[in-house]
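Participant: Give me a model of this one.
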Amino acid sequence: MAAELKEALRKHERWRGEECLNLIASENVTSPSVRKILGSDLGHRYTSPDRFYFGSKFTDQVEDLARRLTCEVFGSEWADVTPLSGHVADMTLLSTFARRGDKILSVSTDDGGYPGITQAGYARTLGVENLYFPFNRDRWNIRADESVELIRAERPKLVILGASFILFPLPTETIANVCREVGATLAYDGSHVLGLVAGGAFQQPLQEGARILLGSTHKSFFGPQGGIIAAYKPEGEQIRKTIFPAIVDNAHWNRIAALAAALLEAKKFGRQYASQVVRNSRALAESLDEVGVPVRCRDYGYTASHQVLLDMDRLEDTETVPGRLQEANIIVDRGIRLGTSEMTRRGMREKEMNNVAEIIGRIISGREAPRAARKKVTALARRFGTIHYA
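Facilitator: Residues are numbered from 1 along each chain as shown. From the prediction side, this is the model:
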């Protein structure tokens, strides 16, 4: 069985690391230095806010550094880097600011919202009532005026901006104004766009009126898998009283150290990386449209994020498309939501996006068999094996 494990890992590293083009919007690739830290001695050590464990003075120093870097990169007054995932960060948010019977407002899963905070997820366990933003699918954004009216009428305790399918900045300032009016707490789940926020290429939720910014650290942001919370001090102190030991105990300090290293990379290279991600997304979307693959929001510039959304209503045989692309070593989700973060981190630019779009177009249209396209994909992937912005 040891040999079987070793062989599975070897094949995975070769396939996903050397031979594939990864277009999954919820994935990225870490730098060699971040990966090295994940395998450090911190991976089997404990520390705790109540100082129960001795021998943790350097561990505590690492965590403090990661918190300070978070505040610097995202412009917050307070930070917590202990959530093990973006979902755990969301659980902490709901547990802190909503009680059984309260109303919370977020983007519906029908419009690309995250199911973990809906009645399908933690909201049901917590016993809160879900409300959903009015949504404009043509613009792929919430309807600001109608949302203001809804918030005034329903007076939710917690309002959460952000979504799993997100193309454009959300009307954060408008929503923040009405939240202050009714006494609602406004949070922004930036799981997908955190790397773009860090690089100044999307929007700045905390400067636009959100009180809390939280999310995953491994999507457009290029850290290890995990979660993060950045907030103003009043809300941060409320979160601090909730998170330990109720939701997070052992926070995996090798991950926190690796996150600190990724935050340092974001400080130095974040603006270059984030702006190239957006340029690559627009280039990919435009090229896909030109080769006949239907893409959403053409009239609005396709996208301003790391994502490109294919128009599933206009795409034939959608059930087989992800499998056919995978056969060609192009990895996507069932959305079909394409992401450019990892390809950008590997050094690809607009020219390569045009090449990728051409290959995808030929596969989807049936003009080229996936097995035939695989050689081109592998050749392209192998040309871009070095991690950039690191």
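
Participant: Only C-alpha atoms from now on, for both contacts and neighbour counts.
Facilitator: Fine.

Participant: The protein: strands as residue ranges?
Facilitator: Taking DSSP state E as the test, the strands found in the chain are 21-22, 78-80, 103-106, 129-132, 135-136, 141-142, 158-161, 185-189, 212-216, 227-231, 307-309, 330-331, 337-339.

Participant: now for the fifth one, which elements pack on it?
Facilitator: So that's strand 135-136. Counting contacts by 3 or more Cα pairs under 8 Å, 6 or more residues apart in numbering; DSSP states H and E, strand 135-136 packs against strand 141-142.

Participant: and with 10 Å instead?
Facilitator: Using 3 or more Cα pairs under 10 Å, 6 or more residues apart in numbering; DSSP states H and E, the elements in contact with strand 135-136 are strand 141-142, helix 144-154.

Participant: Report the rounded mean pLDDT for the longest one.
Facilitator: If I follow you right, that is helix 144-154. In this model, helix 144-154 has an average pLDDT of 98.

Participant: where's the closest residue to L194 other than its chain neighbours relative to G195, distance?
Facilitator: Leaving aside its chain neighbours, L194 sits nearest to F221 (5.4 Å; criterion: Cα to Cα, 6 or more residues apart in numbering). According to Cα to Cα, to the nearest Å, F221 stands 4 Å off from G195.

Participant: Switch the strands of the chain over to a markdown table; also include mean neighbour count and distance to C179.
Facilitator: As requested, those are exported to a markdown table (neighbours: other Cα atoms under 10 Å; distance: least, Cα to Cα, whole Å):
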| stretch | mean neighbour count | distance to C179 |
| --- | --- | --- |
| strand 21-22 | 25 | 39 |
| strand 78-80 | 24 | 21 |
| strand 103-106 | 24 | 11 |
| strand 129-132 | 19 | 14 |
| strand 135-136 | 15 | 18 |
| strand 141-142 | 22 | 15 |
| strand 158-161 | 23 | 8 |
| strand 185-189 | 24 | 7 |
| strand 212-216 | 28 | 13 |
| strand 227-231 | 27 | 16 |
| strand 307-309 | 28 | 28 |
| strand 330-331 | 22 | 40 |
| strand 337-339 | 25 | 31 |
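
Participant: which residue ranges form the helices in the stretch 151-300 of the chain?
Facilitator: Per DSSP state H, counting those that start in this stretch, the stretch 151-300 of the chain carries helices over the ranges 172-182, 194-198, 233-243, 253-290.

Participant: how far does the third one sit from the chain's center?
Facilitator: In this case it means helix 233-243. Relative to its parent chain, helix 233-243 has a centroid offset of 23 Å by Cα atoms, centre = their mean, to the nearest Å.

Participant: returning to what we had before: overlap in contacts, F221 and G195.
Facilitator: Shared contacts of F221 and G195 (Cα atoms under 10 Å, 6 or more residues apart in numbering): 263, 266, 270, 273-274, 341.

Participant: Put the alpha carbons of stretch 229-246 into PDB.
Facilitator: Taking Å, rounded to 0.1, in the frame of the first residue of the first chain, the C-alpha atoms of stretch 229-246 are listed here in PDB:
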ATOM      1  CA  ILE A 229     -10.900  37.400   8.700                       C
ATOM      2  CA  ALA A 230     -10.100  41.100   8.500                       C
ATOM      3  CA  ALA A 231     -12.300  43.600  10.300                       C
ATOM      4  CA  TYR A 232     -12.600  46.900  12.200                       C
ATOM      5  CA  LYS A 233     -11.800  46.600  15.900                       C
ATOM      6  CA  PRO A 234     -15.400  46.600  17.300                       C
ATOM      7  CA  GLU A 235     -16.500  43.800  15.100                       C
ATOM      8  CA  GLY A 236     -13.100  42.000  15.500                       C
ATOM      9  CA  GLU A 237     -13.400  41.900  19.300                       C
ATOM     10  CA  GLN A 238     -16.900  40.400  18.900                       C
ATOM     11  CA  ILE A 239     -15.400  37.700  16.600                       C
ATOM     12  CA  ARG A 240     -12.500  37.100  19.000                       C
ATOM     13  CA  LYS A 241     -14.900  36.200  21.700                       C
ATOM     14  CA  THR A 242     -16.700  33.700  19.500                       C
ATOM     15  CA  ILE A 243     -14.000  31.900  17.500                       C
ATOM     16  CA  PHE A 244     -11.900  30.300  20.300                       C
ATOM     17  CA  PRO A 245     -12.500  27.600  21.500                       C
ATOM     18  CA  ALA A 246     -16.000  27.300  20.100                       C
END
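
Participant: If you count neighbours, what's buried in that stretch?
Facilitator: For stretch 229-246, the buried set under the neighbour-count rule, 16 or more other Cα atoms under 10 Å, comprises 229-232, 235-236, 239, 242-244.

Participant: Could you do stretch 207-223 as well?
Facilitator: 209-223.

Participant: Most widely separated two among the buried residues of stretch 229-246?
Facilitator: Greatest spatial distance among these (Cα to Cα): Y232 and F244, at 18.5 Å.

Participant: phi, psi of H192?
Facilitator: Backbone torsions for H192, taken as degrees, to the nearest 10, come to phi -80, psi -30.

Participant: what does the model give G335 for pLDDT?
Facilitator: 86.

Participant: Pick out the residue closest to the middle of the chain.
Facilitator: Residue closest to the mean C-alpha point of the chain, counted by Cα atoms, centre = their mean, is H192 at 2.3 Å.

Participant: Just the pLDDT at it, thanks.
Facilitator: We have a pLDDT of 98 for H192.
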